[in-house]
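Student: sequence and predicted structure below; questions after.
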Amino acid sequence: MSNSTGSIPNDQHLSLNDPLKLVDQYQRHKTKLRISLTDRCNFRCLYCMPEHPVWLNKKEILTFAQLYKFCRVMVQLGITHIRLTGGEPLMRQGVVEFIQHLQQLRALGLQRISMTSNAFYLAPLAHALKQAGLDDLNISLDSLDADHFLHMTHKALQPVLAGISAALEANIALKLNCVLLKGENDQEILNLVHWAYLQQIPLRFIEYMPLDAPQHWQREKVVDEDDIIALVSQHYHVEKQQRQHDPATIYLLNQHYPLGIISTISKPFCLSCNRLRLTANGEFLSCLFSNQGGSLSDLLREPDEQALIQTILSSVWHKPAGYIAHQAAPQRKITMHNIGG
């Protein structure tokens, strides 16, 4: 990919009265926004959380009013899908009410409200989340063995399984996410596929990415997409589907069950990336592998939105090519639990 110009085209002038499609210098249109509600998480996953996490001061975290303002502006600029993340989003009080508030943006073009959660606190909230208007959930499930799950997350497995059951009972659409690490949970690939297949819950395996502690990340710990499919193909009829904008490559098992592989390392999908991210303290990240973001917290306090819109569009336009260009970890202090995936 090449950049034909270093600045925003002149015809992209900034008014919400004539909404713009968010587009970067590589002509990738942005329609999905991930909002981190909190950096706090009750899990300590091996691939995500630093050994000694330092939490944001609660005064630094954006208020729900500021988050709503940002979401409204982004929807008016072309965002159609908002995903709430963390940390663990269910650790933030008021999340159900915030989802209810986001319903107002459907009249402006918002089509879908999603959440990514570890499901530990989900069971008592599932019905309320559904009633508030949550469309779907991605739930992390890295092991079905209680002891191994405890080793990988430092938490018990049973509340997560209870959360999954409660979400199904509440009729919330689900996907399961599993980050594979060779030597940790790669021996559970077939067990996870079989369990999810029987439950008829779509499962996505995610290649281990060099995001949080690049000095500890090792390429040999990555379980590649091709290796996963080679194993699964021994037990299921597998048909690869044409890639869309979703980060996962979808394979149909036995002509009906969708298994996804998010292969950031072995087969980067940056060419079709349509995502943007906001951290809990207002850092706007156009790319998961950005070395730095731009703070929007002060701009979100201003009544005039023109500077906010200008900053957003400039950041989006200058979005880098992504991991595909350098295939290296970002050199930044921010960690995965700050970004939410």
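Tutor: Ah, there it is.
Student: how many neighbouring residues does Leu157 have?
Tutor: Other residues near Leu157 come to 20 when the count uses other C-beta atoms under 10 Å. For glycine as for every other residue, the C-beta is placed from the backbone atoms N, C-alpha and C.
Student: just confirm it contacts Asp142, I think it does.
Tutor: No: between Leu157 and Asp142 there is no contact under C-beta atoms under 8 Å: 9.8 Å.
Student: which residues do those two both contact?
Tutor: Phe149 (C-beta atoms under 8 Å, 6 or more residues apart in numbering).
Student: next, count neighbours for Gln244.
Tutor: Neighbour tally, Gln244, other C-beta under 10 Å: 10.
Student: kindly apply the preceding question to Ser36 instead.
Tutor: Counted with other C-beta under 10 Å, Ser36 comes out at 29.
Student: what sits opposite it in the beta ladder?
Tutor: Thr85 (DSSP bridges).
Student: phi first, then psi, for Gly87.
Tutor: Backbone torsions of Gly87, given as degrees, to the nearest 10, read phi 30, psi -150.
Student: for it, grab the count of nearby residues.
Tutor: With other C-beta under 10 Å as criterion, Gly87 counts 28.
Student: repeat for the one 10 residues further on
Tutor: A count of nearby residues for Glu97, using other C-beta under 10 Å, gives 12.
Student: just checking, it is part of a helix?
Tutor: Yes: according to DSSP: H, G, I helix; E, B strand; the rest coil, Glu97 belongs to a helix.
Student: hang on, it packs against Ala132?
Tutor: Yes: the pair Glu97 / Ala132 is scored as a contact, 7.5 Å apart, by C-beta under 8 Å.
Student: for Leu253, what are its contacts?
Tutor: Counting by C-beta under 8 Å, 6+ apart, the residues that Leu253 touches are 193, 197, 232, 236-238, 259.
Student: and the residues you listed, which is closest to Phe64?
Tutor: Ranked by distance to Phe64 (C-beta to C-beta), the contacts of Leu253 are led by Leu259 at 36.1 Å.
Student: check which helix or strand that closest one maps to.
Tutor: strand 257-262 (DSSP states H and E).
Student: please save the CA atoms from the helix or strand just after that strand in PDB.
Tutor: Beyond strand 257-262 in the direction of the C-terminus, DSSP H and E gives the next helix or strand as strand 275-278. The C-alpha trace of strand 275-278 is given here as PDB (Å, rounded to 0.1, in the frame of the first residue of the first chain):
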ATOM      1  CA  ARG A 275     -11.800  -0.400  13.300                       C
ATOM      2  CA  LEU A 276     -11.000   2.500  15.600                       C
ATOM      3  CA  ARG A 277     -10.400   2.500  19.300                       C
ATOM      4  CA  LEU A 278     -10.800   4.800  22.300                       C
END
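Student: just checking: what are the partner strands of whichever helix or strand comes after strand 275-278?
Tutor: Once strand 275-278 ends, the next helix or strand along the chain (criterion: DSSP H and E) is strand 283-285. Strand 283-285 pairs in its sheet with strand 275-278 (antiparallel), strand 294-295 (antiparallel), by DSSP bridges.
Student: low-confidence stretches in this structure?
Tutor: 1-20, 210-217, 289-292, 322-341 (pLDDT under 70).
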